[in-house]
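Novice: Here is a sequence together with a model predicted from it:
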Amino acid sequence: MSDTPKSAPKSPKSPDGDRIAKVLARAGVASRRDAEKMIAEGRVAVNGKVIDSPALNVTQKDKIEVDGAPLAEAEPARLWLYHKPLGLVTSARDEKGRDTVFDKLPEDMPRVMSVGRLDLNSEGLLLLTNDGEVKRKLELPSTGWVRKYRVRVNGRPDDATLEPLRKGVTVDGERFQEMSVTIDRQQGANAWLTVGLREGKNREIRRAMEAVGLNVNRLIRISYGPFRLGELKPGAVEEVKARVLRDQLGLSAEPDEAPKRTVERSRKPGAKGLGKPGGKPGGRRPFAARDSFGEGTTRERRGPGKDPAGKGPQDKGPAGKGGAGERPASSSRGKPAAGPNGRSSGRPGGRPGGKPGGPGGRPGPKPGSKPGPKR
């Protein structure tokens, strides 16, 4: 007889729920691995019963408690850039009583976790998130994101010295993957390098440099995949826009963040430059179609008064008797129009001595002027 319990754990991809560790990570309690440790320590209860194994699926109907407190509802995934200063430990608590990065964060920050680590004597970009699943995705080596560092070493390295790092080295039985290493400049007894790697093992750069005879005396992380330190000041925090986070990680939009399209026109019909003497008639008038993300593409539409070919405004007179497509001269303002015999017709909008503007010898009125009386 099988000793498999009747309520065997279901697959984490089952529509009937998710693994308890994943749910805890999604709620920002801890990473999935740390959540499994919390479960093993008996700190998690489901429906009033303490559990000791993460092999359990839960749904929204289940009541989950952590350290005796109900589990808060999961918030939308968020990500922050933090410029870690020197002298801070990247951990929730330190057994030696040293300050941690979480002790120095703004008070209005929610509960967050660090993506990877920077050791006590390293500085620069540290990613923080409130979502354990985001943390996991960002840390996976399979993402292939390059972490870049500015590294100052004591010595005068050349390409021959750095070549073993580019091929991958083994230090104390641990294999480090290939690094991209370039020499930026020599500054006295020190040299500045730019180092890129796709996985971050404990003190990897320092240990690898020591293996080729170089001592690291300063290390600054300047980027993590598409996220860059930029001009962020030491100790400062900056949140990544939700759109950028979704695009980079392939996350789905929250229900209340569904894209909404709005149209923003550059000017209203009849604005300056359309059919006015001195303005440039004709052509298609561009307008910006923007979505809710603030990104837009320039499109074209026909403005008012365009002919079907989009060649320019049609300056039509009363009942369509004006000249089509003619550009009125700016010198005709306030002067009577000339008739077919060269004499003034007393009609505004004409050009003295000019050709008749419309079919039948009648000139077209100037745009914006009142039509003359009928004869």
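Specialist: Received it, and whenever you're ready, just let me know what you need. Numbering: from 1, shown residues only.
Novice: quick one: the strands in the stretch 151-300 of the chain?
Specialist: 170-171, 174-175, 180-187, 190-197, 215-224, 227-228, 237-239, 261-264, 285-291, 296-301 (DSSP state E, counting those that start in this stretch).
Novice: Contacts only, for the nearest residue to S122 once chain neighbours are set aside.
Specialist: Distances taken as Cβ to Cβ, 6 or more residues apart in numbering put L219 closest to S122, at 4.6 Å, once the chain neighbours are dropped. In this view, the C-beta of every residue, glycine as well, is placed from N, C-alpha and C. L219 makes contacts with 121-124, 149-152, 205-206, as judged by Cβ atoms under 8 Å, 6 or more residues apart in numbering.
Novice: Am I right that R117 sits in a strand?
Specialist: No. Per DSSP: H, G, I helix; E, B strand; the rest coil, R117 lies outside any strand segment and is coil.
Novice: how far away is it from E41?
Specialist: 22 Å (Cβ to Cβ, to the nearest Å).
Novice: Looking at these two, which is more packed in?
Specialist: Neighbour totals were compared for R117 and E41, and R117 leads with 16 against 10 (other Cβ atoms under 10 Å).
Novice: ok, back up a step: any idea what the residue nearest to S122 is bridged to?
Specialist: V151 (DSSP bridges).
Novice: Is it possible to get TSV of the contacts of L219 that adds neighbour count?
Specialist: Formatted as TSV, those follow (neighbours: other Cβ atoms under 10 Å):
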residue	neighbour count
N121	13
S122	22
E123	21
G124	23
Y149	23
R150	17
V151	23
R152	16
I205	24
R206	19
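Novice: residue ranges with poor pLDDT in the chain?
Specialist: 1-16, 252-375 (pLDDT under 70).
Novice: sorry, back to before: generate CSV for the contacts of L219, with distance to F176 as supplementary columns.
Specialist: Shown next, in CSV, are those (distance: Cβ to Cβ, whole Å):
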residue, distance to F176
N121, 19
S122, 17
E123, 21
G124, 20
Y149, 14
R150, 19
V151, 14
R152, 20
I205, 9
R206, 11
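Novice: And those, which is closest to G235?
Specialist: Of all the contacts of L219, G235 sits closest to E123, with 10.3 Å by Cβ to Cβ.
Novice: Quick check: V171 touching A211?
Specialist: Yes. Assessed by Cβ atoms under 8 Å, V171 is found in contact with A211 at 5.1 Å.
Novice: neighbours around the residue nearest to R26 when sequence neighbours are not counted, how many?
Specialist: Leaving aside its sequence neighbours, R26 sits nearest to A74 (Cβ to Cβ, 6+ apart; 4.9 Å). A74 is flanked by 17 other residues according to other Cβ under 10 Å.
Novice: wouldn't A74 be in contact with L24 here?
Specialist: No. Taking contacts as Cβ under 8 Å, A74 lies outside contact range of L24: 9.8 Å.
Novice: Apart from its chain neighbours, what residue comes closest to E75?
Specialist: N130 (6.2 Å).
Novice: List the residues that contact the one you found.
Specialist: 28, 75, 77-78, 110-113.
Novice: Now the buried members of these.
Specialist: The neighbour-count test (16 or more other Cβ atoms under 10 Å) marks 28, 77-78, 112-113 as buried among these.
Novice: Any idea how many residues pack against the closest residue to L197 other than its chain neighbours?
Specialist: Closest residue in space to L197, ignoring its immediate chain neighbours: M179 at 5.0 Å, by Cβ to Cβ, 6+ apart. Using other Cβ under 10 Å, M179 is surrounded by 22 other residues.
Novice: Then the one 10 residues further on?
Specialist: Counted with other Cβ under 10 Å, the burial measure for A189 works out to 10 neighbours.
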